[in-house]
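>>> Only the shape, not the letters, is given here:
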């Protein structure tokens, strides 16, 4: 997942990435590190937590769909 996120970020630098992990946030490999535009959501989480995280990412980038607000 981390390698894929880094490759996506390399190809599309402005893309926001949401990583989900059951491991501690410090488990990311030091040499790879998460991409600049990456957020981390720790498992386990509920649908409400996922929805709030996605909403905050979309709102921070001004990408929120007014139809869904």
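Sure, I can see it. Keep in mind that this is a model prediction, so the values were computed, not measured.
>>> distance of residue 53 from residue 7?
Relative to residue 7, residue 53 is positioned 22 Å away (CB to CB, to the nearest Å). C-beta here means a position set from N, CA and C on the backbone, and glycine is covered the same way.
>>> Least confident secondary structure element in this structure?
strand 38-42 (a mean of 86; mean pLDDT, DSSP states H and E).
>>> Please name every helix or strand in contact with the longest helix seen in the chain.
For the chain, the helix with the greatest residue count under DSSP state H is helix 47-60. Counting contacts by 3 or more CB pairs under 8 Å, 6 or more residues apart in numbering; DSSP states H and E, helix 47-60 packs against strand 17-21, strand 38-42.
>>> could these go into TSV alongside distance to residue 59 and mean neighbour count?
Listed next are those as TSV, based on distance: least, CB to CB, whole Å; neighbours: other CB atoms under 10 Å:
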stretch	distance to residue 59	mean neighbour count
strand 17-21	14	16
strand 38-42	13	15
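>>> now the ones you listed as a markdown table including distance to residue 60?
What follows is those, written out as a markdown table (distance: least, CB to CB, whole Å):
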| stretch | distance to residue 60 |
| --- | --- |
| strand 17-21 | 12 |
| strand 38-42 | 9 |
